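[1] need coordinates for the following:
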Amino acid sequence: MGLIGTVDGMWEALKKFTQSKRPVWGTCAGMILLAERCVGGSAVIENGQSLIGGMDVLVCRNYFGSQISSFEMATPCPPGFEDGGDYPGVFIRAPAILSAGDGIDVLGKVVATPCRQAAVVLRELEEKIANGENVIMMEVVDALDRKNGLRYVDVKKEAAPTDCNEEKKDISASEMEKVELPGAADGTNAREVICAARKKNILITAFHPEITDDYRWHKYFYQMVVESINC
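    Model prediction:
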């Protein structure tokens with residue numbers, strides 16, 4: 001999608017729209033694109049996974065498995081729509097959010113075991129953190145620096161330029177954001193991961209509400225649209 005979007009300017013248009021404070025909803029792959037950080041990207045993607053950004057979350061691609069591993073499981077319902085109980089979340093080659101920064105409203109979590117590929121990615125990431133290595137993720141992240149305890153790392157971001165001719169500058173260590181990786185259960189390696197989150201005008205879900213007969217997430221997003229019009 002990143003390769004296609006750069007051909008006709010659609011990528012920059014999507015970034016501008018996301019930054020315009022208009023309601024945006026990203027499901028599954030859309031959740032990946034709206035993330036600021038991503039692990040588990042395909043090795044065949046030149047220069048790594050392209051991201052639109054906007055949500056300060058760390059996403060693991062294909063956390064739940066490949067296309068043939070698609071499944072449905074009970075997930076938390078959207079806020080304000082508790083009638084009807086749990087929501088039937090349909091996960092199709094779905095990603096998961098490993099951590100969320102300040103200002104992110106976590107709307108849903110599930111406990112799930114990462115697929116074999118995702119488990120390898122997480123293990124390698126944790127090993128590199130444990131060894132004190134600086135792991136280059138992609139353009140918006142400079143490094144992951146080891147701190148006390150394996151579950152905590154500092155993410156040093158590259159400051160976005162305000163002008164095309166302005167040089168990019170690194171933010172200071174005091175501005176670095178702390179990320180907590182979800183711990184793994186003994187034996188099963190299951191982790192509590194985030195499957196739905198929101199920050200102001202941006203909503204993301206790892207699952208696909210559009211292919212169910214339960215419209216509660218659509219009603220929740222509709223509320224976001226109405227609120228944006230009335231502001």
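[2] spell out the secondary structure type for residue 220.
    Of the three states, residue 220 takes helix under DSSP: H, G, I helix; E, B strand; the rest coil.
[3] which non-adjacent residue is nearest it?
    For residue 220, ignoring the flanking residues on the chain, the nearest one in space by C-beta to C-beta, 6 or more residues apart in numbering is residue 78 at 3.8 Å. For every residue, glycine as well, the C-beta is placed using N, CA and C.
[4] tell me the contacts of that neighbour?
    Each residue near residue 78 by C-beta atoms under 8 Å, 6 or more residues apart in numbering is listed here: 87, 107, 196, 216-217, 219-220.
[5] same deal with residue 188?
    Residue 188 neighbours (C-beta under 8 Å, 6+ apart): residue 113.
[6] okay, and the helix or strand of the chain with the least pLDDT?
    Least confident helix or strand of the chain, by mean pLDDT, DSSP states H and E, is strand 141-146 with a mean of 34.
[7] what helix or strand is the nearest residue to residue 86 once chain neighbours are set aside on?
    Nearest in space to residue 86, with sequence neighbours left out and distances taken as C-beta to C-beta, 6+ apart, is residue 74 at 3.8 Å. Following DSSP states H and E, the helix or strand that holds residue 74 is strand 71-75.
[8] so which residues make contact with the helix or strand just after that strand?
    Of the helices and strands lying after strand 71-75 in sequence (DSSP H and E), the nearest is strand 87-91. Here strand 87-91 makes contact (C-beta under 8 Å, 6+ apart) with 64, 70-78, 108, 110, 195, 205-209, 211-212, 214, 216-217.
[9] residues contacting residue 214?
    84, 87-88.
[10] now do the SS call for it.
    coil.
[11] check the one 10 residues further on too.
    In terms of secondary structure, residue 224 is helix; the call rests on three-state DSSP.
[12] so how far is residue 205 from the residue nearest to it when sequence neighbours are not counted?
    Leaving out its chain neighbours, the residue that sits closest to residue 224 by C-beta to C-beta, 6+ apart is residue 23, at 4.5 Å. Here the criterion is C-beta to C-beta, to the nearest Å. By it, residue 23 lies 14 Å from residue 205.
[13] in terms of neighbours, single out the busier of those two.
    residue 205 (27 against 18; other C-beta atoms under 10 Å).
[14] for that one, list each beta-bridge partner.
    Residue 205 has these beta-bridge partners by DSSP bridges: residue 27, residue 196.
[15] residue 104 contacts residue 36, doesn't it?
    No - the criterion here is C-beta atoms under 8 Å, and residue 104 misses it with residue 36 at 10.4 Å.
[16] report the central residue of the protein.
    The residue lying closest to the centre of the chain (C-alpha atoms, centre = their mean) is residue 59, at 3.7 Å.
[17] okay, now the closest residue to it other than its chain neighbours: neighbour count?
    In space, and not counting its chain neighbours, residue 59 is closest to residue 35: 4.2 Å by C-beta to C-beta, 6+ apart. Counted by other C-beta under 10 Å, the residues lying close to residue 35 total 27.
[18] who are the contact partners of residue 35?
    Applying C-beta under 8 Å, 6+ apart, one finds that residue 35 lies in contact with 51, 53, 55, 57-59, 97, 204.
[19] could you give the bridge partners of it?
    Under DSSP bridges, the beta-bridge partners of residue 35 are residue 55.
[20] how close does it sit to residue 202?
    Using C-beta to C-beta, we find residue 35 at a distance of 10 Å from residue 202.
[21] re the thing from before, list residues touching both of residue 104 and residue 36?
    55-57.
[22] since that was my last question, I'll sign off now.
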